[in-house]
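the amino acid sequence is not available; the structure is as follows:
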Ligand SMILES: Cc1cc2nc3c(=O)[nH]c(=O)nc-3n(C[C@H](O)[C@H](O)[C@H](O)COP(=O)(O)O)c2cc1C
């Protein structure tokens, strides 16, 4: 289990992307408390443009299978929002670094395309988590709403960490929106931006030993004046 944290500082230090979960569900009251608290975050003009769908139980299992079928079919992604950025320069290097860290702990060779594909597909299996969250907003909001949803989701993630509950942000869960859109009966004007798997971390899973680095303060922040 992720060690519970009692300060924001501890939660920030303890949180990491978890990609293997135990099947044990998180009590509904805990999930409700976390999401209710996360609603305290600021948003642009207090618009609070988010609607999160937390899927569990048999409906989560059905959605998981539908997503695995779709992502595994070889069909191209058809995300509701534009995620089609090709990282460049130092961003690309860090992207490779994060992938290498995961493949290193899980023993996947760089050139083993089949193993990499299996690892990627685990995204749509929610990494075996008991719960998956889909963060949605009205499509017209674009970047402005995406900022707010990111802030909301980060609060969820830290509140979960505080309670010893692990999570993984997943852009991948927005890539094949069809099955989740149908399950939630989303109207056309609403889109799925990204998702998150959450639950109790599997302490024995190699994937959960993955560590990523961070750039230094000097490279990230300029104190002017
Ligand atoms: C918006 C966003 C989308 C992400 N999408 C995915 C994803 O689809 N699959 C995945 O395994 N990790 C995903 N991640 C996790 C990042 O790879 C991870 O945060 C990063 O490598 C740093 O590692 P850490 O979270 O363990 O500190 C995403 C993170 C963010 C913030």
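That came through, no problem. None of the values given here were measured: they were computed from a predicted structure.

alpha carbons only for contacts and neighbour counts from here, please
Noted.

so what secondary structure elements neighbour the longest helix belonging to the chain?
Assignment by DSSP state H gives helix 142-162 as the longest helix of the chain. In terms of contacts (3 or more CA pairs under 8 Å, 6 or more residues apart in numbering; DSSP states H and E), helix 142-162 is packed against helix 8-14, helix 28-38, strand 131-138, strand 166-170.

same list, those, but as a markdown table with mean neighbour count, distance to the ligand and mean pLDDT please.
Below are those laid out as a markdown table (neighbours: other CA atoms under 10 Å; distance: least, CA to the nearest ligand atom, whole Å; pLDDT from 0 to 100):
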| stretch | mean neighbour count | distance to the ligand | mean pLDDT |
| --- | --- | --- | --- |
| helix 8-14 | 15 | 9 | 96 |
| helix 28-38 | 14 | 16 | 98 |
| strand 131-138 | 23 | 11 | 98 |
| strand 166-170 | 25 | 3 | 98 |
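
closest one to residue 58 among these?
strand 131-138 (10.6 Å; CA to CA).

name the strands paired with that closest one and say parallel or antiparallel.
When pairing is defined by DSSP bridges, strand 131-138 lines up against strand 51-56 (antiparallel), strand 190-199 (antiparallel).

I'd like to know which of those strands is closest to the ligand.
Closest to the ligand of those, according to CA to the nearest ligand atom: strand 190-199, at 6.9 Å.

how about the helix or strand encompassing residue 93: buried residues?
For residue 93, the host element (DSSP states H and E) is helix 89-106. Residues of helix 89-106 classed as buried: 94, 98, 100, 101, 102, 103, 104, 106 (neighbour count, 16 or more other CA atoms under 10 Å).

my read is that the last one contacts residue 204, right?
Meaning residue 106. No. The pair residue 106 / residue 204 is not scored as a contact, 11.6 Å apart, by CA atoms under 8 Å.

hmm, back to that, to residue 47, which of the helices and strands packed on helix 142-162 lies closest?
strand 131-138 (11.0 Å).

quick check, distance from the closest one to the centre of its chain.
How far strand 131-138 lies from its chain's middle: 10 Å, per CA atoms, centre = their mean, to the nearest Å.
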